[in-house]
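Student: A structural model of the following input is requested.
(chains A, B, C, D, E and F)
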There are 4 protein chains.
Amino acid sequence: MQGRPRDPARDEAIRKAALELVTERGYRGMSMEGVAARSGVSKQAVYRRYASKGELLLDALDSVGREVFPVPDTGSLRSDLLPMVRAAFDLHRYSDKAFSQAVAAEAAQGPDFARLAVESVINPRRDLFRGIIARARERGEVTCPDDDVLIDLIYGPMWYALLFDFDRLTDEYAESITDAVLAAARPA
Amino acid sequence: MQGRPRDPARDEAIRKAALELVTERGYRGMSMEGVAARSGVSKQAVYRRYASKGELLLDALDSVGREVFPVPDTGSLRSDLLPMVRAAFDLHRYSDKAFSQAVAAEAAQGPDFARLAVESVINPRRDLFRGIIARARERGEVTCPDDDVLIDLIYGPMWYALLFDFDRLTDEYAESITDAVLAAARPA
Amino acid sequence: MQGRPRDPARDEAIRKAALELVTERGYRGMSMEGVAARSGVSKQAVYRRYASKGELLLDALDSVGREVFPVPDTGSLRSDLLPMVRAAFDLHRYSDKAFSQAVAAEAAQGPDFARLAVESVINPRRDLFRGIIARARERGEVTCPDDDVLIDLIYGPMWYALLFDFDRLTDEYAESITDAVLAAARPA
Amino acid sequence: MQGRPRDPARDEAIRKAALELVTERGYRGMSMEGVAARSGVSKQAVYRRYASKGELLLDALDSVGREVFPVPDTGSLRSDLLPMVRAAFDLHRYSDKAFSQAVAAEAAQGPDFARLAVESVINPRRDLFRGIIARARERGEVTCPDDDVLIDLIYGPMWYALLFDFDRLTDEYAESITDAVLAAARPA
DNA sequence: CCTTAATCGAGACGGTACGTCCTGTCTTGTT
DNA sequence: AACAAGACAGGACGTACCGTCTCGATTAAGG
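Tutor: Residues are numbered from 1 along each chain as shown, chains lettered A, B, ... in the order given. This next block holds a predicted model:
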């Protein structure tokens, strides 16, 4: 037997409240208590779904209609990469900033959440770049052995900027980073 | 000035307790309350010295006998860079890991601490690389216009790994990153 | 009437669980939740039968095979009374202690349950003594006008001892109380 | 060293709130949370003073200006006893009813509080009668060996009536009980 | 030498959030 | 209908820190 099913409307309300709170007031301002209050849901209903603030955070993040960014395939690594990097930086510079900082805050507080975040947020995003790099490698545009290092060169600086609130994720910066990746991909 | 002077022994005890707690129990396990208790000092004595957990964190970090790493000057960018990157990665992989993660956690929670951390920890460390790069530029080893991007290529991936608890800050990784910086420094 | 009839096995299981819990863990340890869990019955099934913890308590109490104590008729008030008082004290001193204390706790918390308890537990027990006293009155052993006062002299001290956990309900005490009742029944 | 002293005004406010709540809403309506809220004091401040609802209850009870009832000494047991019994019944019939029922409820829920209550409330009240009985014994008005039984004959029925919400603590009842005590004190 | 003023410990204080438990109701699908 | 399962709002529980605030007791430097 399976009992009364969870009310999807509540799922929704909880995620919405979490998103709002984290956006408006940052990581510190999003409490389980606050989420319950704002969503008009009992604390139990929140804890039934999420054992911790972190889980809720990730699920809320997931549920945001991650509009799929079409991975480009132009035949040139640079022109494939640049718009992707720009899009990533833009996203984290504006709409997702508070959110990503919350993820960073939680991740830095313990490996449990870190693992979770890697699985559900970090890796999927990294994967977007793997196809591009693989194709470029076939074309001979990439000779360095390790794809992951190249991806680290993109996301590393991005999270670094997010973490310390550098106001650096501009289009020019995206270009600089892209060029660095290109250089590293095919070292002299 | 008059009145009873602050007891330096207490300064020390507080920093020590903070370090111990953050090392043993991570960011979450270091509370002002706990620091006071462990150091055998009153809460007031802590707050008199540090307005916030963050300030204490940074000061404790500062006070760790930052044994000055002698910045090398070998005449070649690669051989200057590599030991520095290795040392940085090593430090954050072992002794300073919990501590740096605490800094990350706090920084991600608000711009106030982020600014503070940049000033007292992030920038000084970046500066270590500036001299190296400047000398290399004079020798013609660096043609890319922006030093900061190069430094981001080092520290970005490092903090990224710290943040999400990647176990990646090995010597090989230091070499990969160094090579990427070299390639980016003098793009084809 | 239509629909599925109630399962008597569940009636039984519920009462049993209630008795066990109240005996093992006292009033505090008997929750509707706990009863449902222990009896392997849904909470709804419990609430369908009993609107409140109190009702369940009383019904469970009732259902305990109240082995009927044969009311004596020896021709003398004292020898009728004494075994009855002893039996009552004994019962509440041992097997029924936790249970009666639970009834007391619930009764003290509101007049609703108090009324219920009086009806289903208190009065029936008082009635046991009425016949004895009536017969004694006919024999001229009782001259005081009010039977109820005499019964209060028995049960009052008993519940008082139960309430404040006096360890006083011994056989000697039963004798003392009986003698007091006798004296009060035919005052000088 | 002894730190900041507790604010007596808060002591007072807490007790007052507890009294009000228990009077207005009964035992069930008095929660630690509610007391804190009504008294405008933090929950901590309440828990710092009282480890449990019971302790607070007793202290609040104690603090009520128990106007000392002058123990009479008229030379006759009956005329000493009657006003005392009347006063006791009256008190518990009116002003103290909710309060005493709360004490009963808590006492019935566990021996810890029961012991506490006996010590601070039950025994002191019993002691009021000891002097009277002792004097009467000297005068030869009391021949029964045990004072405690006589006192049980008074307080037993009283708490019994309180517990099950009998509306019986009238002046006539006080007289009946007094006469019963007299009879029991000097049995034929 | 004797104020004067900041320090010290201890710990109270109002808050806020934590995560758990129970109450009594309700909503599923199953029997 | 009753049933198991379990979601639900609400409310209380007792605990932990936060940062501020009294206390009375030191502890130096400056008058």
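
Student: in stretch A:9-27, what counts as buried?
Tutor: Within stretch A:9-27, the residues that qualify as buried are A:10-11, A:13-15, A:17-23, A:26-27, counting by 16 or more other Cβ atoms under 10 Å in any protein chain shown. For every residue, glycine as well, the C-beta is placed using N, CA and C.

Student: okay, which residue is most central for chain A?
Tutor: By Cα atoms, centre = their mean, chain A has its centre lying nearest to A:Val121, at 5.0 Å.

Student: So what does that one have for phi and psi?
Tutor: Backbone geometry at A:Val121, expressed as degrees, to the nearest 10, gives phi -120, psi -50.

Student: pretty sure it is touching A:Asp59, no?
Tutor: No: using Cβ atoms under 8 Å, A:Val121 makes no contact with A:Asp59, being 10.8 Å away.

Student: circling back to that earlier point, which of the buried residues of stretch A:9-27 fall in helices?
Tutor: Those of the buried residues of stretch A:9-27 mapping onto helices are A:Arg10, A:Asp11, A:Ala13, A:Ile14, A:Arg15, A:Ala17, A:Ala18, A:Leu19, A:Glu20, A:Leu21, A:Val22, A:Thr23, per DSSP state H.

Student: ok now do the second one, which residues does it touch?
Tutor: So the one you mean is A:Asp11. Neighbouring residues of A:Asp11 by Cβ atoms under 8 Å, 6 or more residues apart in numbering or on different chains: A:Arg49.

Student: And the pLDDT for it?
Tutor: Looking at A:Asp11, its pLDDT reads 98.

Student: go on, the fourth one?
Tutor: Here the pLDDT value assigned to A:Ile14 is 98.

Student: tally of neighbours for the residue nearest to it when sequence neighbours are not counted?
Tutor: Excluding its sequence neighbours, the residue lying closest to A:Ile14 (Cβ to Cβ, 6 or more residues apart in numbering or on different chains) is A:Ser39, at 4.9 Å. By other Cβ atoms under 10 Å in any protein chain shown, 21 other residues sit near A:Ser39.

Student: Likewise for the one 3 residues further on?
Tutor: Residues contacting A:Ser42 under the criterion other Cβ under 10 Å number 12.

Student: what residues are up against it?
Tutor: Applying Cβ under 8 Å, 6+ apart, we find A:Ser42 in contact with A:Ala36.

Student: State the pLDDT value of it.
Tutor: With respect to pLDDT, A:Ser42 has a value of 98.

Student: quick one: stretch A:132-148 to chain centroid distance?
Tutor: How far stretch A:132-148 lies from its chain's middle: 24 Å, per Cα atoms, centre = their mean, to the nearest Å.

Student: Pull out the CA atoms of that stretch and give them to me as CSV.
Tutor: The C-alpha trace of stretch A:132-148 is given here as CSV (Å, rounded to 0.1, in the frame of the first residue of the first chain):
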residue,chain,number,x,y,z
ILE,A,132,32.5,20.0,-28.1
ILE,A,133,36.0,19.1,-27.1
ALA,A,134,35.7,15.5,-28.4
ARG,A,135,34.7,16.8,-31.9
ALA,A,136,37.5,19.3,-31.8
ARG,A,137,39.9,16.6,-30.9
GLU,A,138,38.8,14.6,-34.0
ARG,A,139,39.5,17.6,-36.1
GLY,A,140,42.9,17.9,-34.6
GLU,A,141,42.2,21.1,-32.7
VAL,A,142,42.9,19.5,-29.4
THR,A,143,46.1,17.7,-28.6
CYS,A,144,46.4,17.9,-24.9
PRO,A,145,45.6,14.6,-23.3
ASP,A,146,43.1,15.6,-20.6
ASP,A,147,39.7,17.1,-21.3
ASP,A,148,39.0,17.7,-17.7
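
Student: what's in contact with that stretch?
Tutor: A:71-73, A:75-77, A:80-81, A:84, A:126, A:129-130, A:150-151, A:184-187, B:176, B:179-180.

Student: What separation is there between the residue lying closest to A:Glu33 once chain neighbours are set aside and B:Ala108?
Tutor: Distances taken as Cβ to Cβ, 6+ apart place A:Lys43 nearest to A:Glu33, at 6.7 Å, with adjacent residues excluded. Using Cβ to Cβ, to the nearest Å, we find A:Lys43 at a distance of 26 Å from B:Ala108.

Student: quick one, what contacts the closest residue to A:Pro111 other than its chain neighbours?
Tutor: Closest residue in space to A:Pro111, ignoring its immediate chain neighbours: B:Asp165 at 4.7 Å, by Cβ to Cβ, 6+ apart. Counting by Cβ under 8 Å, 6+ apart, B:Asp165 touches A:Ala107, A:Pro111, A:Ala114, A:Arg115, A:Val118, B:Gln101.

Student: Those residues in helices, which ones?
Tutor: Filtering the contacts of B:Asp165 for helices - DSSP H - leaves A:Ala107, A:Pro111, A:Ala114, A:Arg115, B:Gln101.

Student: how about these, which pair is most distant?
Tutor: Taking every pair in those and measuring Cβ to Cβ, the maximum separation is 13.9 Å, between A:Arg115 and B:Gln101.

Student: neighbour-wise, which of those two wins?
Tutor: Neighbours were tallied for A:Arg115 and for B:Gln101 using other Cβ under 10 Å; the higher tally belongs to B:Gln101 (24 against 14).

Student: which residues of chain A score low on pLDDT?
Tutor: A:65-68 (pLDDT under 70).

Student: what are the ranges of the helices in chain A?
Tutor: Assigned by DSSP H, chain A shows helices spanning A:8-25, A:32-39, A:43-49, A:53-63, A:77-93, A:97-108, A:111-117, A:123-138, A:147-163, A:171-185.

Student: C:Glu55 is nearest to which of those?
Tutor: Nearest to C:Glu55 among these is helix A:43-49; the distance by Cβ to Cβ comes to 26.2 Å.

Student: Quickly list the domain ranges of chain A.
Tutor: A:8-63, A:77-185 (automatic domain parsing).

Student: Just say which of those domains is most tucked in.
Tutor: Mean neighbours per residue, mean count of other Cβ atoms under 10 Å in any protein chain shown, is largest over these for domain A:77-185, with a mean of 19.

Student: what about that one, how long is it end to end?
Tutor: 10 Å (Cα to Cα, to the nearest Å).

Student: Quickly check: it near DNA strand F or not.
Tutor: No: Domain A:77-185 stays clear of DNA strand F (Cβ under 7 Å from any atom of the strand), getting no nearer than 13.1 Å.

Student: again, but for stretch A:36-50
Tutor: Yes: if you take Cβ under 7 Å from any atom of the strand as the test, stretch A:36-50 does meet DNA strand F, through A:Gly40, A:Val41, A:Ser42, A:Lys43, A:Gln44, A:Ala45, A:Arg48, A:Arg49.

Student: Distance across that stretch, terminal residue to terminal residue?
Tutor: Start to finish, the residues bounding stretch A:36-50 are 12 Å apart (Cα to Cα).

Student: Quick check: A:Arg6 vs D:Glu106, distance?
Tutor: For A:Arg6, the distance to D:Glu106 - Cβ to Cβ - is 39 Å.

Student: before we move on, what about A:Ser100?
Tutor: Distance, A:Ser100 to D:Glu106, by Cβ to Cβ: 52 Å.

Student: tell me, how many neighbours does the residue of chain A found nearest DNA strand F end up with?
Tutor: Closest contact between chain A and DNA strand F, by Cβ to the nearest atom of the strand, is at A:Gly3 (2.0 Å). Residues lying near A:Gly3 (other Cβ under 10 Å) number 6.

Student: Alright, calling it a day.
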